[in-house]
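Novice: need a structure here:
(chains A and B)
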2 protein chains.
Amino acid sequence: MLVIGERINSTRNGIREAIKARNAAYIVKEAKTQIAAGAYYVDVNCAVTSGDELQDIDWVISVIQSEIPDASICIDSPNYLAIERALKVYSAKGSLIINSITGEDARIRQILPLAMEHNTSLIALTMDENGMPNSAAERFEIARKIFDRVRREGFPTEKLYFDALIRPVSTEPMQAQEFLHSLPMIKKLDEVKTVCGLSNVSYGLPNRAVINSTFLSMAVQAGLDAAILDPTDKLVVSSIAASRVVLCRDGYCAEYIKAYRDGKLI
Amino acid sequence: MLVIGERINSTRNGIREAIKARNAAYIVKEAKTQIAAGAYYVDVNCAVTSGDELQDIDWVISVIQSEIPDASICIDSPNYLAIERALKVYSAKGSLIINSITGEDARIRQILPLAMEHNTSLIALTMDENGMPNSAAERFEIARKIFDRVRREGFPTEKLYFDALIRPVSTEPMQAQEFLHSLPMIKKLDEVKTVCGLSNVSYGLPNRAVINSTFLSMAVQAGLDAAILDPTDKLVVSSIAASRVVLCRDGYCAEYIKAYRDGKLI
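Specialist: Numbering: from 1, shown residues only, chains lettered A, B, ... in the order given. Prediction:
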């Protein structure tokens, strides 16, 4: 499973303060730790800093790539101008994924050309002008519309990751199942992949890693390809390693045993 | 999910010694601990003691029911004479489940009448004269034959639990998936339930609870109704509690939060 490290997110106090203070060492350490723990992409979200998001995301990406020349970044912003700025400053030799478009026309018109120009992958949230869907079928219907549109405009659909939007089980107990049911439906769209922002599922509950890791195992079984998560969480990492064993994606359990020996499992 | 506590099994050194020494306190403590941890049935397996299995199972069940008047027991033996003896001595006010029949004619002819006479539930392993099946379809085919036969003989099929036989992923890496695929197939047989001996899946691997709990989450999602497991394993118990939350079987997450407060989660 493709892991996108969630930790460089300005909703976290330490990151917000490091961005404000231009503490490069803090940011670089968070990036390196996540990559060492198994993250392929490092998510960068500067949306809730107190400063200027464009300057902040420019600075964060600059400091990461100055220390990690092959860093792959997930550019995470509700503001397409911040995405544009991030694409402009990115010069590392890794890959890029943009997080995110939705089914909203304005958002697609702003961001799709940027993704195509810069040859990035693209996360599409299954929501649109009518808000967040409730059922698996509604999620699929929005995904299908986005799929048809971006394919028509020439975007390579194998670089499209659908995020069917997990909501907290504590407040919307049926939504985790609807998310899980939507995965095999969405995966029938030619070549597309699926992703989720894992920790949303456990918001408001104690021992969140228990809910996160259990839900992740079920989602991987249902066809999840990627997740935005904390790769330093040993329980979540353990469940990814074990899922690969159980679903026969880890020949001779070699990666699992290596993760155990490296002290990465709980 | 129905939990059958696996710990009173003569393959475990402590249990084998306690049986040999007629150490009633040890056995009763194992039973009480498992029930307190959430086991509905306590599995009793005396098959590999060095003494006489019939006398041993008689003694173990006697000491459990003398201290726990409503104990529910899973009578676990390859020897129908031991099962017959256990049924004779059982007088507690709980429920009984017999573990197990297979598709083999002799085994069904020996045990089915005992189950019907004593009004017990019954675990049926999906194996027969030809040995252990490899694919999900073969597992289902054996289950279907057993189902047809026991129904024809008047056994109430809602008391039938199919065990589709987990094998270790370390040596047979495809078998976990075949087991998972077989669950929804078997569940189409009218009213039947499914069960597994959980820890088999992780045999030979380190950090077995990680594999066990991940596999269990996937199996619950695929339709598993019951499992023979160690209810004192906090990681496994945590994954059961979290699975119930994710699959919307724990209204308002009340049981999960109670388990957390009672210190039952990792």
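Novice: ok, then the element right after whichever helix or strand residue A:194 is part of?
Specialist: Taking DSSP states H and E as the definition, residue A:194 sits inside strand A:193-197. Once the chain leaves strand A:193-197, the next helix or strand it forms, by DSSP H and E, is helix A:208-222.
Novice: check the residue nearest to residue A:174 when sequence neighbours are not counted and give its pLDDT.
Specialist: Nearest non-adjacent residue to residue A:174, counting by CB to CB, 6 or more residues apart in numbering or on different chains: residue B:248, 5.4 Å away. C-beta here means a position set from N, CA and C on the backbone, and glycine is covered the same way. Note on residue B:248: pLDDT of 95.
Novice: equivalent analysis for residue A:50, please.
Specialist: Per the predicted model, pLDDT is 74 at residue A:50.
Novice: and the helix ranked longest in chain A, is it in reach of chain B?
Specialist: If you go by DSSP state H, chain A has its longest helix at helix A:136-152. No. On the criterion CB under 8 Å from any CB of the partner chain, helix A:136-152 is out of touch with chain B, staying 13.3 Å away.
Novice: show me what the next helix-or-strand element following that helix is packed up against.
Specialist: Tracing the chain past helix A:136-152, the next element assigned as helix or strand by DSSP H and E is strand A:160-163. Judged by 3 or more CB pairs under 8 Å, 6 or more residues apart in numbering or on different chains; DSSP states H and E, strand A:160-163 is in contact with strand A:121-125, helix A:136-152, strand A:193-197.
Novice: now the ones you listed as CSV including mean pLDDT?
Specialist: Formatted as CSV, the helices and strands packed on strand A:160-163 follow (pLDDT from 0 to 100):
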stretch, mean pLDDT
strand A:121-125, 98
helix A:136-152, 98
strand A:193-197, 98
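Novice: highest mean neighbour count out of those?
Specialist: strand A:121-125 (a mean of 25; mean count of other CB atoms under 10 Å in any protein chain shown).
Novice: so what strands line up beside that strand?
Specialist: strand A:96-101 (parallel), strand A:160-163 (parallel) (DSSP bridges).
Novice: how far does the shortest one sit from the chain's center?
Specialist: Averaging C-alpha coordinates over strand A:160-163 and over its chain gives two centres that are 9 Å apart (CA atoms, centre = their mean, to the nearest Å).
Novice: buried ones in the helix or strand that comes right after that strand?
Specialist: Using DSSP H and E, the helix or strand that follows strand A:160-163 in sequence is helix A:175-186. Judged by neighbour count (16 or more other CB atoms under 10 Å in any protein chain shown), helix A:175-186 contains these buried residues: A:175, A:176, A:177, A:178, A:179, A:180, A:181, A:182, A:183, A:185, A:186.
Novice: orientation of helix A:175-186 relative to helix B:208-222 in degrees?
Specialist: Inter-element angle recorded for helix A:175-186 and helix B:208-222: 80 degrees (by axes from the mean of the first three to the mean of the last three CA atoms, to 10 degrees).
Novice: list the contacts for the most centrally placed residue in chain A?
Specialist: With distances taken as CA atoms, centre = their mean, residue A:228 lies nearest the centre of chain A, 3.5 Å away. Counting by CB atoms under 8 Å, 6 or more residues apart in numbering or on different chains, residue A:228 touches A:4, A:5, A:6, A:43, A:74, A:99, A:195, A:196, A:197, A:198.
Novice: give the bridge partners for the closest residue in space to the fourth one that isn't next to it in sequence, please.
Specialist: Sequence neighbours aside, residue A:74 is the residue nearest to residue A:43 in space, at 4.2 Å (criterion: CB to CB, 6+ apart). Here residue A:74 sits in beta bridges with residue A:43, residue A:97, as judged by DSSP bridges.
Novice: what's near enough to touch residue A:74?
Specialist: So residue A:74 contacts A:4, A:41, A:42, A:43, A:44, A:96, A:97, A:98, A:99, A:123, A:228 (CB under 8 Å, 6+ apart).
Novice: what about 7 Å?
Specialist: A:4, A:41, A:42, A:43, A:44, A:97, A:99 (CB atoms under 7 Å, 6 or more residues apart in numbering or on different chains).
Novice: where does it land on pLDDT?
Specialist: 98.
Novice: ditto for the one 10 residues further on
Specialist: pLDDT recorded at residue A:84 is 98.
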